[in-house]
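Visitor: Any chance you can model this:
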Amino acid sequence: MSKDCKAKEIGGYFEFEQFYGQEYHSRGLSLNCGRNALVFLIKGFGIKKIALPYYLCDSVTDVCEKYNVSVRYYHINDRLIPVDNESCPEEYFYLVNYYGQIKEEYISELYKKYGDKLIIDNTQNFFAIPNLDVNTIYTCRKYFGVSDGAYLFPSKNKNDKISKEYENLPVDKSLMKMKHLLGRFESGAEEFYLEYTKNENSFADASIKKMSKITKNLLKGIDYERIKRKRTENFNYLHYWLSKYNELNIQSIEGPFMYPLLLNRGNELRKKLIAKKIFCPMLWPEVCDKCPKNTIEYNLTHNLILLPIDQRYGKSEMEYVVKIINEVESLGIS
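Guide: Next comes the predicted model:
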């Protein structure tokens with residue numbers, strides 16, 4: 001008789017359905033959140049110095065401060081790449097792949113300079129194939145209806161060391177983090193927005209754990225190819241109609257995050273879109289406190305509109321978004 005059967009409950013009511021597909025990043029180390037992927041690298045590699053972009057969420061800065069990592073900040077240019085990427089002894093370089101627009105050639109160029117000390121933040125480019133030479137971080141909840149989850153690909157040169165530490169991590173639990181997801185599924189976003197923010201804020205103090213069984217199971221049930229195709233189609237539709245207004249020179253990628261539309265008075269348009277229930281997040285408003293008004297970082301924070309193009313929507317929603325934008329005469333769009 002199997003020993004496993006003795007410890008198993010047999011019969012009774014059903015649990016949540018088990019999925020048997022494959023996670024998109026199944027070869028990565030699955031963790032509970034993106035910031036803890038960075039913490040895992042800091043602790044595992046003994047990181048003491050790091051270069052971070054000014055245009056970045058404070059959560060990354062807070063992690064570095066908490067673990068006594070010395071930070072050097074750098075600016076980016078209008079192509080979203082670092083202005084200063086000079087390497088310093090023992091310094092790691094943190095590159096954000098903004099909206100998936102950083103080309104692989106540039107990442108390879110940085111790798112020649114930084115080697116194992118390069119960290120790619122692919123929070124906004126989930127479908128990018130990881131370069132196994134480079135430390136790479138992905139998060140899940142910005143792309144899918146899950147409450148948590150992240151993937152870490154450590155540089156293959158250091159993978160053995162950090163993977164052993166990974167095996168000893170406890171597994172997270174997501175049972176109490178699902179209310180905003182289930183609530184919006186059956187009702188609407190506004191009613192459960194406070195639950196959403198509560199869940200987002202919970203990651204600030206979350207300890208490093210492996211991805212929960214619930215999240216891991218859900219990620220095995222996702223049709224990734226459909227989602228990638230849907231996001232790409234929606235992005236391309238908006239780009240066809242809005243690119244002539246866009247001050248960002250962007251390219252189409254597979255399965256993009258959102259459509260980044262930079263306009264001279266984008267902040268005004270964002271407010272009008274929200275009034276029409278087209279919700280466009282303002283990323284990292286704290287950047288405006290750190291950067292002067294004449295910097296690209298301030299302009300991106302203040303005037304960049306991130307239009308939703310995810311798998312929940314199709315051509316009719318994209319047509320509506322374009323129609324609303326075209327109706328804003330004050331921006332000179334006819």
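
Visitor: Break down the stretch 101-250 of the chain into its helices, ranges please.
Guide: Secondary structure of the stretch 101-250 of the chain by DSSP state H, counting those that start in this stretch: the helices cover 104-114, 159-167, 179-186, 193-202, 213-219, 224-242.

Visitor: highest average neighbour count across those helices?
Guide: Mean neighbours per residue, mean count of other Cβ atoms under 10 Å, is largest over the helices of the stretch 101-250 of the chain for helix 213-219, with a mean of 21. Quick note: C-beta positions are derived from backbone N, CA and C, even for glycine.

Visitor: Mind checking the pLDDT average for that helix?
Guide: On average, the pLDDT along helix 213-219 is 98.

Visitor: Which one of the helices of the stretch 101-250 of the chain lies nearest to Y151?
Guide: Nearest of the helices of the stretch 101-250 of the chain to Y151, taken as Cβ to Cβ: helix 213-219 at 9.5 Å.

Visitor: which residue ranges form the strands in the protein?
Guide: Assigned by DSSP state E, the strands in the chain fall at 29-31, 49-53, 70-74, 91-96, 118-121, 135-139, 150-153, 259-262, 304-307.

Visitor: okay, and the helix or strand of the protein with the least pLDDT?
Guide: Every helix and strand of the chain was ranked by mean pLDDT, DSSP states H and E. The lowest is helix 3-6, at a mean of 65.

Visitor: buried ones in stretch 273-292?
Guide: L273, I278, C280, M282, L283, W284, V287, C288, K290, C291 (16 or more other Cβ atoms under 10 Å).

Visitor: How about stretch 172-181?
Guide: Going by 16+ other Cβ under 10 Å, stretch 172-181 has these buried residues: D172, S174, K177, M178, H180, L181.

Visitor: Return it as PDB; C-alpha atoms alone will do.
Guide: Taking Å, rounded to 0.1, in the frame of the first residue of the first chain, the C-alpha atoms of stretch 172-181 are listed here in PDB:
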ATOM      1  CA  ASP A 172       3.200  31.100   0.100                       C
ATOM      2  CA  LYS A 173      -0.600  30.900   0.500                       C
ATOM      3  CA  SER A 174      -3.100  32.900  -1.600                       C
ATOM      4  CA  LEU A 175      -6.400  31.900  -0.100                       C
ATOM      5  CA  MET A 176      -7.000  35.300   1.600                       C
ATOM      6  CA  LYS A 177      -5.700  37.300  -1.400                       C
ATOM      7  CA  MET A 178      -8.300  36.300  -3.900                       C
ATOM      8  CA  LYS A 179     -11.300  38.400  -2.900                       C
ATOM      9  CA  HIS A 180     -10.700  41.300  -5.300                       C
ATOM     10  CA  LEU A 181     -10.200  38.900  -8.200                       C
END
